[in-house]
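> Sequence below, structure please.
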Amino acid sequence: MKLNCDLGESFGSWKMGVDDKVMPFIDQANIACGFHAGDPLTLLNTLTLADKHNVEIGAHPSYPDLVGFGRRSMQCSDAELSAMLLYQIAAVDGVARSQSLTLSYVKPHGALYNDMMKHDAIRQTILQTIAQYNQSGDRALKLMLQATPDLSMYQKEAKQHKVELLAEAFADRCYDDDGSLLSRQHNKAVHSEEAMLEQVQQLLEHGTVKTLNGNVIRLHVDSLCVHGDNMAGVNAIEKIRQLLTPFSG
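Below is the predicted model:
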């Protein structure tokens, strides 16, 4: 199981997260593409930092929502959404290529991530767009999405587009009974450090998470996320790394 984090989310004079402190402990960096956060210099600096620590690079595209940090859903046509994704993926891929680095996967951000998990049409558009990008650019970008009990269904969908999936769980977020993440509007949506470490340990030892109401859900997980804008998670990341190390590979 790998460890990933959403990074590169500063822009201009506005600073978000502590990328330099996080990067040494993770395996995968989900780098903002400019639509919810990030700017060209931040992107370049984040790629350079990832290269320094031998961290795998992912594009982290979103709805065009800087004011809302990409956490508000938007009504977009399939063509609009596909164009937004191509634009953002190409930005990260292009700058990465200029530094002799390779983009490996795509992880939608915020509301787009949640909408992808809720709506078949949005998920299909994302898969089709990644498949199109892979074919035109001789790439094999994977799609990172949420690990849920329905993962096998998503894998069948992705196989039709010849796109490989990365199933993601969350260290710092509470789960609802249906396997979705508890809304951030809920006061228990984000875990304390203690609850975070307990959730990671349970995933590693049993392949399960406990929901808000105490139910247990089994998940297949390829990568574990700690959010870069959650300072409790950032502060606990070294401890999470220590828990994951015996299970990494």
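> Just give the nearest non-adjacent residue to the most centrally placed residue in the chain, would you?
Here the mean C-alpha position of the chain is nearest to the C-alpha of Lys107 (Cα atoms, centre = their mean), at a distance of 4.4 Å. Nearest non-adjacent residue to Lys107, counting by Cβ to Cβ, 6 or more residues apart in numbering: Met144, 3.8 Å away. (Glycine included, C-beta is placed from N, CA and C.)
> can you tell me the average pLDDT over stretch 194-203?
pLDDT averaged over stretch 194-203 equals 90, rounded to a whole number.
> so the residue nearest to Lys107, which of the three states?
Taken by DSSP: H, G, I helix; E, B strand; the rest coil, the conformation at Met144 corresponds to strand.
> For it, which residues count as its bridge partners?
On the basis of DSSP bridges, Met144 takes part in beta bridges with Leu166.
> Show residues contacting the lengthiest helix in the chain.
Looking across the chain with DSSP state H, the single longest helix is helix 78-98. Contact partners of helix 78-98, identified using Cβ atoms under 8 Å, 6 or more residues apart in numbering, comprise 31, 33-35, 40, 43-44, 47, 57, 59, 61-64, 76, 102-103, 106, 121-122, 125-126, 128-130, 132-133, 137, 139, 141.
> what sits up against the helix-or-strand element of the chain with minimal mean pLDDT?
For the chain, using mean pLDDT, DSSP states H and E, the weakest element among its helices and strands is helix 231-244, scoring a mean of 82. Helix 231-244 has contacts (Cβ under 8 Å, 6+ apart) with 1-3, 5, 17-18, 21-22, 25-26, 171-172, 190-193, 196-197, 200-201, 204, 224, 226-228.
> do the same with stretch 173-189
Residues from elsewhere that reach stretch 173-189 (Cβ under 8 Å, 6+ apart): 71, 114, 117, 146, 148-150, 170, 190-191, 195, 209-213, 215, 217, 219, 227.
> CA-only coordinates of that stretch in PDB, if you can.
Written as PDB, here are the backbone C-alpha positions of stretch 173-189 (Å, rounded to 0.1, in the frame of the first residue of the first chain):
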ATOM      1  CA  ARG A 173     -11.500  11.100   6.700                       C
ATOM      2  CA  CYS A 174     -14.500   9.400   8.400                       C
ATOM      3  CA  TYR A 175     -16.600   7.000   6.300                       C
ATOM      4  CA  ASP A 176     -20.300   6.800   6.000                       C
ATOM      5  CA  ASP A 177     -22.200   3.500   6.100                       C
ATOM      6  CA  ASP A 178     -22.400   3.300   2.300                       C
ATOM      7  CA  GLY A 179     -18.600   3.500   1.900                       C
ATOM      8  CA  SER A 180     -18.600   7.100   0.900                       C
ATOM      9  CA  LEU A 181     -16.700   9.800   2.700                       C
ATOM     10  CA  LEU A 182     -18.600  11.700   5.400                       C
ATOM     11  CA  SER A 183     -19.400  15.200   4.100                       C
ATOM     12  CA  ARG A 184     -16.900  17.800   5.300                       C
ATOM     13  CA  GLN A 185     -19.900  19.800   6.600                       C
ATOM     14  CA  HIS A 186     -20.200  17.100   9.300                       C
ATOM     15  CA  ASN A 187     -18.300  17.900  12.500                       C
ATOM     16  CA  LYS A 188     -16.800  14.400  12.500                       C
ATOM     17  CA  ALA A 189     -15.700  14.300   8.900                       C
END
